[in-house]
Structures are given as C-alpha cells and as structure tokens.
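**Q** next come a sequence and a model predicted from it.
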Amino acid sequence: MHQPIRFRIIVLGAMLAVAHTVWVVYEETVWGHLGTSITAASLVSSAIAVLVAMLAWNTLAARLGPNWRLRPGELMVLFTMVTVAAIMAGFDLIQNLPPILMLPFRHANEANRWDRMFPFIKSWLAPHDDAVVKAFFMGGTTVFEPQTLRAWLVPMAAWSGLLLVIAYSMLCMNTLMRRRWVEEERLPFPLLQVPMLMVREGDIRGLFRSRMLALGVAIPAVVESLNVIHGIYPSVPGVQLNVYNLVRLMPTPPWNALNPLFMSWAPMGIGLAFLMPLDLLFSCWVFYLLRKAFEMEWVVFGWGAGGGAFPYIREVTYGAFAGAFVILLRGSHRYLARVIRRALGLAREPDDTQEPMSYRAALVGLIVSAPLLVGFAIAAGMTPSLAVVYFTIYLLATVVMTRIYAQVGTSLLEFYFFNTEAAIATFAGSKSLSMADKTLFAQFFWFNRCYRQHPMGHQIEAMRFAGLTRVGLRPITLILAVATIIGVIVGLMTTLNIYYSHGAGTAKVLGWQMGVAWETYGRASAWMDAPQSPQPSALTAAGISFVLALGIAGLRNAFLGFPLHPLGYVLAVSYAMEYIWSIFLVVWMVKALIVRYGGLRAYWRAVPFFVGLVIGDACTVIFWGLAATALGLRNISPYLHHMW
C-alpha cells in the first residue's frame, strides 16, 4: 500500500529547494569556500547534509508526537526536491548559460572576430543592449532593474522553456524504461544506497546505532577538519585528498605522455566505489590504465602525444557510446515493443497504472517534446536536418548516461569527451556547417559540456527511491516537476543577479563559468577560421571503438564470469576516470578480498562503514562551507588544493 504524501511536506520541500539552490549557486559562482563544485558530484553532498538535518529533526520530533515525525517517503520527497532543484541550477547547466550568451558582445575584437556571429544571435535568445551587456560584466546593479529585466525576460523564458522541455522528454523516456531497468533487470542503483539507509533508520539515533557507520563518519570529519585548520594555519599538517598529478613526479618523456595522471582520495568517492558492482570496478580501472598505456605508446613510436590528433579520445568515446546504445537496445527491444503496443492500445500488458504516467502519455509526450526541441533549434537558425541529428544524438546519449548512473553509480560522471556539437563537426566536417550552425553550437554548449548534472539519472533514481519507500509513482511526477521548475527559475535568476551585482568581468566572481564561455567561442572560432572536411581517420577510430564495445558485450554473454563489462569501457574513456581511477583500483582490491575471504556476510557488515565515509564527507564539507560563509573565510578546502 502506498504512503500518502502530506501537502505540507511538498511545501517544505519547495522552501528547502529554493533556499538550498540559492546557497549552492552562490557557493559555486561567488564564494568557492570549499574549493570544489557541490553539484559536480553524482550525489549532491549538501542534499545528504539536509537529509541528516531532517533525521535530527525526527529525533527531536519523537517528543512532540507522531504527526511531527517525517515518514520515510516524506524524507525521500525532501531529498529528491533539494537534489533535483540543485542539479538543474548546477555548475554544468544553468550557471553556464548567462556567461555564454553575453561573452561575445563584450569581448569581440579584431583578433577573434566574434562580431561575425552577431547577425546569427537572435534577439530572443540574448540581450543585445550595450548598457545591459556592460552592467553584466561591471556589476554594481541588479537583474531586477527595469531596463535589465525587460531585456532578459524573453531570453529567460526561451532558454528556461528549452531546459524544461528537455527535462520533460527525459521524464517520458524514464517512464518507458523504468519497469525494464528497475523490475526486470533490477539495476543496483549504488548511489541510492546511502540515502536509502539513512531514510530506513528514520532518525539520528537509529543512524548511529551502527558503530561501523559512526567510525566511517568520524574519519573524514577528523581528516577534513584538520585540512581546514591547515588552510587557516599552514603550520598545521594536512592530508592531501584532492587531485594530485603523478606526472609531477615523472616530467620527462615518455612518462609525461601520461599527463594527466591524477590521483585523489575523496572519502565520498571511496565510499560510493565500494557500493559499485565488482566487475564494473575492475573494468573501469583496467580499461583506463590500458588507455593511458596506449597514449604513452603512441608517443614512444612518434605517432603523436596524448591530447593531439592521437589517440582520438573523443572519437573513441563516440564509438563507445554508440556501442553501448546498441547493446541496450538489443537487450530491451522486445520490452519496448510491448510498451509501445500498450501505449497504442493494442495490448493490455504491461500494466502502466502504477507508472509515473501512462505509457500512452509518455509516448505522446516524447513525440511532442522532440519536435519542440528541434523546432527551437530551427527557429534559432540551425539547419533543419542538422537540428534533427543534433537532438537525436543528444537524447540517445542521455539514455546511455542514465543507464550508467543507475547501474554503475560512480561518485563522478563527467563525459567531457562526449560532445554532440564536436561529434557532428568531426564526422560531418565543420565545412558543412553554416555560420548560424556554428554560432548556435556555441550557444548550446552550456547544457552538454560535461553532463555532470544529469536530470534523467536523478529522475530514475527518484522513481526507484519512491518504490523503496512505498510512495506512489504518480505523485513523483508532480514532485519532480515542482523541483525542476524551482531549479530552473531560481537558478537562472540567482545566477543573473550575481553577475549584475558582482560583475562577471571582475575578481568578485570565481570565473569558472566564464572559462566555459571562452572555451565554447574559442572552439567556434576554430571552426570558422579553419573549417575542415570529414575526417576518415576519426571515423575509423570511432568504428574500432564501436566494435570493441560490442565485442566486450559478446564475450560477456558467451563466457560466464567474463570479468570485463562494456559500461566499464565507456567510463574508462570518460574524463571522470581521470580523477577516480586510483580510488577504483584500491577499492576493488579491498572489496575483492572482503568478498573472497569473508563472503557476502562480511561485505554487508562493511557497507555501513563505507556509507559512513560518504555521510561524514558530505556533512563535514557542508559544515565548513556554512562556517566559512558566516565567518568570511577563504582557501579552506577540506581536501586541500588541487595539484594539477
């Protein structure tokens, strides 16, 4: 029987989502107290901290009566709303949009000739008024000034509408695939194990009943607090948990061809890695190290250094994604056929009364939203056939990413090497693109640069969370819609107000998002200044990678116990593995030993400790972030600073 969600919980969730979103945007855009992006991680650390606060409330509410206590399903709702709103306003989505729209109007010059793009930037996509542009970079005002607000109303509505349609199309795809992934294949959702354990315990007293969990919380709390003190008093020793580039230790050829070869030890990454399936852990680090070995080999033989034409890392990534999609489609085509027959009224099974929406509504929603996305691009100036190709690639790629999110669940999902615009420019040739296409490719970069904030993954996670806490899936649709709208509107308004008050061109903001804007227009300039034909060698590299992904899947089906997984191969060619390969290697060794010599009983006894690492890391980071905000402290990263 489903638990009803009290209306006041949705109101509370909306209020928490608004406050949390505003704080996250300020932390990632202006303050930067933590030295890292909160929403860059797959599991939003501040959402875990909010959940801990709600468990503390439950401990106090036990004295007030049962009506004051938050039920498991209600805790799920609060966690979901806070998380979804934050990722919509996150570092790789809304925060990148205003700088990308405004940069060319401020920094066009004779060298970059960005002014040649101006005729192709529609007035309904970006303000053209000189005073509005100048105020954006100089600051000293607010977005609510009448002239500024009028200039932004239509562009805000247009881009917000685009992102909401993208999120809705993802919700429709999740509805169509949920039964297959959750009930038939029973994907593990590793990321969900942390909030699920917390919700199941119900309050702080129950959570810390486990000594192993308490120990896991204590370790990052002590170490990261020591690092914060080190940031204030450098004479106090710290422990390097942040990125360290091992190439610093071997700067000469051929070893410097491995650059970058990062190593990091974030407690959250360690804890979440332990919850991953063992074969995926193994596949990720093995394929990653093989990839780095090939990069070095190419330098040794004089074929090119890593990062140049060789080793075609982007093209290899495209092939891996294409292979992964074919594998998923092959495994689900019969299921999808049944779902489509049900949506068309040709069959009564599978039953969709308990889905987030009916299969017919999901199919119609997808059929309607896809043309809306294509129509937006065409209205903005993109070639019609290219617009169809663009959003087809984008939506199909998000399906693969969502599968990785649900099945692998790493602490970081960063697919920087996969980019829709770059793929089209590579395989179709930038010569085939019009000036309007190249300009719009630059403007679209904000929502498909790294995919670290992945709405579709969080949506399917919320559906699974609802099922585990006995909340109906139909209410989840409303909850996700409210949280998404809050994230888009509050995130965009907060980001704009930050730049108009602090100045995007001043040292009062961190500059990460401005760097993304410079990157996208630099790339567009390269396409305009040196247009290229299709590259057969790039297509060959992608084809080999595609066949390799299919081959791994075939071997896995043919031989029971085959240790390598195609999704591990896809992750190995993602930028995320640059940061977490060392964690995967060590955690795989630890987990393999525990399972080999202690069995599943030893594994489940160890799980609370690793969940504790995640909770302790999240709460410590957020505690010191709030303390730094209140005290005006800077340079106090709980992980110490990056050593690039």
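**A** Received, thanks.

**Q** what's near enough to touch L413?
**A** Counting by Cβ atoms under 8 Å, 6 or more residues apart in numbering, L413 touches S42, M401, I404, Y405, Y451, R452, H454, G457, S574, A576. For every residue, glycine as well, the C-beta is placed using N, CA and C.

**Q** burial check on the third one, number of neighbours?
**A** Other residues within reach of I404, judged by other Cβ atoms under 10 Å, total 24.

**Q** can you pull the contacts of the closest residue to it other than its chain neighbours?
**A** Counting by Cβ to Cβ, 6 or more residues apart in numbering, L567 is the residue found nearest to I404 once chain neighbours are left out, at 5.7 Å. The contact partners of L567, taken as Cβ under 8 Å, 6+ apart, are L280, S283, A324, R403, I404, Q407, V408.

**Q** name the SS class of the residue nearest the centre of the chain, please.
**A** In the chain, the centroid-proximal residue (Cα atoms, centre = their mean) is R452; its distance is 2.1 Å. Following DSSP: H, G, I helix; E, B strand; the rest coil, R452 is assigned to coil.

**Q** correct me, but it touches L412?
**A** Yes: if you go by Cβ atoms under 8 Å, R452 and L412 touch, sitting 7.2 Å apart.

**Q** quick one: common contacting residues for these two?
**A** Joint contacts of R452 and L412 (Cβ under 8 Å, 6+ apart) are A40, A41, S42.

**Q** so where's the longest helix in this structure?
**A** Secondary structure of the chain read by DSSP state H shows that its longest helix is helix 576-631.

**Q** looks like A428 contacts P534 (just checking).
**A** Yes: A428 is within contact range of P534, at 6.2 Å (criterion: Cβ under 8 Å).

**Q** show me where the stretch 251-400 of the chain has strands.
**A** 262-263 (DSSP state E, counting those that start in this stretch).

**Q** how about the helices of it, start to end?
**A** Per DSSP state H, counting those that start in this stretch, the stretch 251-400 of the chain carries helices over the ranges 267-274, 278-300, 313-343, 359-380, 384-407.

**Q** for the second one, packing partners?
**A** It refers to helix 278-300. Helix 278-300 sits against helix 566-572, helix 576-631, with contacts defined as 3 or more Cβ pairs under 8 Å, 6 or more residues apart in numbering; DSSP states H and E.

**Q** please identify the deepest-packed of those helices.
**A** helix 566-572 (a mean of 26; mean count of other Cβ atoms under 10 Å).

**Q** got the CA positions of that helix in CSV?
**A** What follows is helix 566-572 as a C-alpha-only set of coordinates in CSV (Å, rounded to 0.1, in the frame of the first residue of the first chain):
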residue,chain,number,x,y,z
PRO,A,566,31.1,-2.7,-21.8
LEU,A,567,29.9,0.1,-19.5
GLY,A,568,33.3,-0.1,-17.7
TYR,A,569,34.9,0.6,-21.2
VAL,A,570,32.5,3.6,-21.7
LEU,A,571,33.5,5.0,-18.4
ALA,A,572,37.2,4.4,-18.9
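
**Q** how close does the closest residue to L550 other than its chain neighbours sit to F282?
**A** Distance criterion Cβ to Cβ, 6+ apart; nearest residue to L550, sequence neighbours excluded, is G323 at 5.1 Å. In this view, G323 and F282 are 19 Å apart by Cβ to Cβ, to the nearest Å.

**Q** of those two, which one has the most company?
**A** The neighbour count for G323 versus F282, taken as other Cβ under 10 Å, is higher for G323 (25 against 21).

**Q** show me what contacts the more buried one?
**A** So G323 contacts S545, F546, V547, L548, A549, L550, A553, P566, V570 (Cβ under 8 Å, 6+ apart).

**Q** who touches the second one in this structure?
**A** Contacts of F546 were listed using Cβ under 8 Å, 6+ apart, and they are G319, A320, A322, G323, V326.

**Q** for the first one, same thing?
**A** In this structure, S545 makes contact with E315, V316, T317, Y318, G319, A320, G323, V573, judged by Cβ under 8 Å, 6+ apart.

**Q** grab the nearest non-local neighbour of the fourth one.
**A** When you say that, I think you mean Y318. Once flanking residues are discounted, Y318 sits nearest to A542: 4.8 Å by Cβ to Cβ, 6+ apart.

**Q** contacting residues around G90?
**A** V24, E28, S37, T39, A40, R452, Q453, G491.

**Q** what sits up against the helix or strand hosting M102?
**A** Counting by DSSP states H and E, the element that carries M102 is helix 97-107. Helix 97-107 is contacted from outside by 114-115, 117-118, 121, 125-128, 130, 133-134, 136-137, 155, 159, 442-443, 445-447, 492, 495-496, 499, 504-505, 513-514, 516-518, 520-521, using Cβ under 8 Å, 6+ apart.

**Q** now with 6 Å?
**A** When contacts are defined by Cβ atoms under 6 Å, 6 or more residues apart in numbering, helix 97-107 is touched by residues 114, 117, 126, 133, 136-137, 159, 446, 495-496, 499, 513-514, 517, 520-521.

**Q** verify the stated contact: L78 with G13.
**A** Yes: in terms of Cβ atoms under 6 Å, L78 counts as a neighbour of G13; the distance is 4.9 Å.

**Q** picking up where we left off before, would you mind giving the contacts of G323 as TSV with distance to A49 and secondary structure added?
**A** Output for the contacts of G323, formatted as TSV (distance: Cβ to Cβ, whole Å; DSSP: H, G, I helix; E, B strand; the rest coil):
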residue	distance to A49	secondary structure
S545	40	helix
F546	42	helix
V547	45	helix
L548	41	helix
A549	38	helix
L550	42	helix
A553	39	helix
P566	35	helix
V570	31	helix
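
**Q** which residues sit in contact with N419?
**A** Contacts of N419 (Cβ under 6 Å, 6+ apart): none.

**Q** how much space between it and V316?
**A** 13 Å.

**Q** and if you look at A618?
**A** Remark: distance between A618 and V316 (Cβ to Cβ) = 34 Å.

**Q** let me know the secondary structure of L412.
**A** Under the three-state scheme (three-state DSSP), L412 adopts coil.
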